[in-house]
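Engineer: sequence and computational prediction follow.
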Amino acid sequence: MDLVLQSSYLAGLLTLLVVAAVLVARQVWRTRTTETRLTQLQAQVNGGQATPADYYELGSIYLRKKLYVQCINQLQKAIKLWDKDDPAGLAKVYNALGYAYFSQEQYDLAIRNYKEALKCQPDYVTGLNNLGHAYEKKKLTAQALEMYEQALTIAPDNATAKQRANSLRKRLAPTT
């Protein structure tokens with residue numbers, strides 16, 4: 001019986017080690033891939049060969065790395081160069097720029113950029129949710145609820161908008 005217990009303990013430990021090794025290897029692979037792409041994009045930007053999409057991608061990498069100043073700089077360059085005939089793409093760039101400002105608690109600038117994203121693509125649900133969240137941070141509850149409800153008219157199953165709208169409705173409900 002003691003041998004069976006030891007064998008199962010050893011098998012469990014081995015399984016745990018294999019799972020941990022796989023997870024670590026995946027993370028190392030992701031990090032390496034991101035760093036390689038970062039180096040490539042920086043070379044393109046420094047060489048003057050970057051496209052607006054490259055600036056957006058570089059800005060997005062900086063955003064994930066929480067390098068907000070660099071992110072904002074790259075996203076602003078992307079906006080200046082972006083093809084105005086691609087409003088959906090431009091909306092994503094403005095949304096990312098809004099998120100960079102939001103992450104730094106610069107809610108007014110975030111709101112401005114989220115609104116720009118929605119000018120480009122009025123049915124952009126992510127932009128509506130983000131604008132609602134920025135309004136919440138500014139304690140503009142009615143405006144936040146309006147954004148979440150607008151998102152729900154476009155995407156009725158949107159979990160974020162459902163949850164936030166229900167929470168805000170409870171907060172705004174008159175207590176009697």
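Structural biologist: Here it is on my side, so go on.

Engineer: any chance you could map the helices in this protein?
Structural biologist: Residue ranges of the helices in the chain, as given by DSSP state H, are 2-46, 52-64, 68-81, 87-103, 107-120, 125-137, 141-154, 159-172.

Engineer: so can I have a markdown table of those showing mean neighbour count and mean pLDDT?
Structural biologist: For every residue, glycine as well, the C-beta is placed using N, CA and C. Shown next, in a markdown table, are those (neighbours: other Cβ atoms under 10 Å; pLDDT from 0 to 100):
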| stretch | mean neighbour count | mean pLDDT |
| --- | --- | --- |
| helix 2-46 | 11 | 87 |
| helix 52-64 | 20 | 95 |
| helix 68-81 | 19 | 96 |
| helix 87-103 | 22 | 97 |
| helix 107-120 | 20 | 98 |
| helix 125-137 | 23 | 97 |
| helix 141-154 | 19 | 96 |
| helix 159-172 | 15 | 92 |
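
Engineer: chain neighbours aside, what residue packs nearest to A142?
Structural biologist: L172 (7.0 Å; Cβ to Cβ, 6 or more residues apart in numbering).

Engineer: mind checking how far that neighbour is from C71?
Structural biologist: Applying Cβ to Cβ, to the nearest Å, one obtains 34 Å for the distance of L172 from C71.

Engineer: next: Q27.
Structural biologist: Counting by Cβ to Cβ, the gap from Q27 to C71 is 22 Å.

Engineer: ok, now A43?
Structural biologist: 18 Å.

Engineer: what's the answer for I111, then?
Structural biologist: Look at I111 and C71: by Cβ to Cβ, they are 18 Å apart.

Engineer: go on, K77?
Structural biologist: Taking Cβ to Cβ, one finds K77 at 11 Å from C71.

Engineer: same thing with I79?
Structural biologist: In terms of Cβ to Cβ, I79 sits 13 Å off from C71.

Engineer: before we move on, what about L23?
Structural biologist: Using Cβ to Cβ, L23 is found at 27 Å from C71.

Engineer: can you check A142 too?
Structural biologist: 31 Å.

Engineer: could you do R171 as well?
Structural biologist: 32 Å.

Engineer: same check on N95?
Structural biologist: Counting by Cβ to Cβ - N95 and C71 are separated by 13 Å.
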